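**Student:** 3D, please:
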Amino acid sequence: MNLSSRYFLVFIFAAFMFGFSLMVALNTDAAERTVERLVVDGNELIVLSQRAYHAVDLDEMGDIFVRLHAAGVYMPTALLGAVEKELGDIARRID
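**Tutor:** Numbers count the residues shown, from 1 in each chain. The predicted structure follows:
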């Protein structure tokens, strides 16, 4: 294996980082707006995941997984219906 193929991913990473840095340097306001949107979305995901974590009883999760597995073993098409029902119950508890 020669040197160029061995470090191909390093070259790709360096080119990507150079292009990204150039984009930020030339268009600072757009880059700031993009990062700000990502931060707001990230914070919203954190809040939603914390609400979901506190709304779900972890002991009950074991029973849910057993029911889903049984539904998938006995009738594979029933698995999607069981998943839909459990997700609906969880969504109601979160809201």
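**Student:** What's the mean pLDDT across the lengthiest helix in the chain?
**Tutor:** If you go by DSSP state H, the chain has its longest helix at helix 28-55. Regarding helix 28-55, the rounded mean pLDDT is 87.
**Student:** measure the nearest residue to M23 once chain neighbours are set aside to E44 for me?
**Tutor:** Excluding the flanking residues, the one nearest M23 by Cβ to Cβ, 6 or more residues apart in numbering is A31, at 6.6 Å. For the C-beta atoms, the positions are set from N, CA and C on the backbone; glycine is no exception. For A31, the distance to E44 equals 21 Å [Cβ to Cβ, to the nearest Å].
**Student:** Looking at those two, which is more packed in?
**Tutor:** A31 (14 against 10; other Cβ atoms under 10 Å).
**Student:** Now for V83: which residues touch it?
**Tutor:** L68 (Cβ atoms under 8 Å, 6 or more residues apart in numbering).
**Student:** So for it, what's the pLDDT?
**Tutor:** 78.
**Student:** what about it, which helix or strand?
**Tutor:** helix 76-94 (DSSP states H and E).
**Student:** Pull the distance from that helix to the chain's centre.
**Tutor:** Chain-centre distance of helix 76-94: 19 Å, with Cα atoms, centre = their mean, to the nearest Å.
**Student:** Report the backbone C-alpha coordinates of that helix in PDB.
**Tutor:** The C-alpha trace of helix 76-94 is given here as PDB (Å, rounded to 0.1, in the frame of the first residue of the first chain):
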ATOM      1  CA  PRO A  76     -44.800 -10.600  11.900                       C
ATOM      2  CA  THR A  77     -47.500  -8.300  10.500                       C
ATOM      3  CA  ALA A  78     -48.900  -7.800  14.000                       C
ATOM      4  CA  LEU A  79     -45.500  -6.400  15.100                       C
ATOM      5  CA  LEU A  80     -46.100  -3.100  13.300                       C
ATOM      6  CA  GLY A  81     -49.500  -2.800  14.800                       C
ATOM      7  CA  ALA A  82     -48.100  -3.400  18.300                       C
ATOM      8  CA  VAL A  83     -45.300  -0.900  17.800                       C
ATOM      9  CA  GLU A  84     -47.800   1.700  16.600                       C
ATOM     10  CA  LYS A  85     -49.900   1.100  19.700                       C
ATOM     11  CA  GLU A  86     -47.000   1.400  22.100                       C
ATOM     12  CA  LEU A  87     -45.700   4.500  20.400                       C
ATOM     13  CA  GLY A  88     -49.100   6.100  20.600                       C
ATOM     14  CA  ASP A  89     -49.300   5.300  24.300                       C
ATOM     15  CA  ILE A  90     -45.900   6.800  24.900                       C
ATOM     16  CA  ALA A  91     -46.700   9.900  22.800                       C
ATOM     17  CA  ARG A  92     -49.900  10.500  24.900                       C
ATOM     18  CA  ARG A  93     -47.900  10.200  28.100                       C
ATOM     19  CA  ILE A  94     -45.300  12.700  26.900                       C
END
